[in-house]
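**Student:** sharing a model that was predicted from the sequence below.
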Amino acid sequence: MQVAAFAVCFLVGLAVGSFLNVVAYRVPRGESVVTPGSHCPACGHAIRWYDNVPLIGWIRLKGRCRDCGAHISPAYVIVELVTGVLFAAAYAVAGPDWRLLVLWVLLAVLVAVALIDVRHMIIPNAIVLPGAVVLLGFSIVLDPAHWWHYVAGGLGAAAFLLAVALIWPGGMGMGDVKLALMMGSALGGAVIVALFSAFLVGGVAGVGLIASGKKTRKDKIPFGPFLAVGGVVGGLAGTYVLDWYLRLW
């Protein structure tokens, strides 16, 4: 039974990941994510429904458009697989509980934001602000006794990154501040773990990129993907890490 539940969650994640690819491609361009339907960006032909099945469609086509033969990046499949794994992992944490829906929404937004920030160095308000409202609403409805945890988590995380942005101009953007607001609205106190993880991973990655010569100290490195990684850690393990740390004192 558990295996079937994990399989269903993974399949749901694959489908959501396929949609997130559309979101990440169209939102920065100001295009609708609903119309027109999926189509090849090279030749414009509509993608047939049987070619649009997550993962399987790309494998069947061998990474090529059926109509023009243009290369289809494996990044699309990677996004689908990552989202599927994250959705299954969320089920392992939350189980068959309404809290699972909150985690799924959070994880989906984080994947989309990470993709967009890597490609365009922007974090769209159209994604994070509605996400913050929806996640805060869900969190309060599901845990009304601790509603202030989520309000404080969102405002506190946003205030912290705003302070960093003011102290370090150019190192942090307002999009990062709004993303932190959304994360805190879903995670409450566990957003502390998320932010710590984001700065830790970001710091290590930044040093690695500079040491390898791929980036210089003057180059801008989008922080959204590191916040997304932190959000994943906070969402899947933040409560446990925070409880463990508090027990040490």
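**Tutor:** Nice, thanks for sending it over.

**Student:** next SSE downstream of the lowest-mean-pLDDT helix or strand in the chain?
**Tutor:** Of the helices and strands making up the chain, the lowest-confidence element is helix 56-61, at a mean of 86, by mean pLDDT, DSSP states H and E. Note on helix 56-61: by DSSP states H and E, the next helix or strand toward the C-terminus is helix 75-94.

**Student:** I'd like to know which elements that following helix is packed against.
**Tutor:** helix 2-26, helix 56-61, helix 99-120, helix 224-247 (3 or more CB pairs under 8 Å, 6 or more residues apart in numbering; DSSP states H and E). Where C-beta positions appear, they are placed from N, C-alpha and C, glycine not excepted.

**Student:** what does that helix rub up against?
**Tutor:** Under the contact criterion CB atoms under 8 Å, 6 or more residues apart in numbering, helix 75-94 has outside partners 5-6, 9-14, 16-18, 20-21, 24, 54-55, 58-59, 100, 103-104, 107-108, 111, 115, 232, 235-237.

**Student:** buried among those residues? Make that a PyMOL selection.
**Tutor:** Filtering the contacts of helix 75-94 down to the buried ones (16 or more other CB atoms under 10 Å) takes a single PyMOL command:
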select buried, resi 9+10+12+13+14+16+17+18+20+21+24+54+55+58+100+103+104+107+108+111+115+232+235+236+237
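
**Student:** now do the contacts for R66.
**Tutor:** H45, I47, R48, D51.

**Student:** and these, which two are furthest apart?
**Tutor:** Farthest-apart pair in the contacts of R66 is H45 and D51; separation 10.3 Å (CB to CB).

**Student:** that older thread, now for the helices and strands packed on helix 75-94, which one comes closest to A159?
**Tutor:** Taking CB to CB, helix 224-247 is the member of the helices and strands packed on helix 75-94 nearest to A159, at 15.0 Å.

**Student:** could you give the angle of that closest one to helix 75-94?
**Tutor:** 20 degrees (axes from the mean of the first three to the mean of the last three CA atoms, to 10 degrees).

**Student:** what's helix 224-247 packed up against?
**Tutor:** helix 75-94, helix 99-120, helix 174-187, helix 191-211.

**Student:** okay, the ones you listed in a markdown table with mean pLDDT next?
**Tutor:** Listed next are these as a markdown table, based on pLDDT from 0 to 100:
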| stretch | mean pLDDT |
| --- | --- |
| helix 75-94 | 96 |
| helix 99-120 | 96 |
| helix 174-187 | 96 |
| helix 191-211 | 92 |
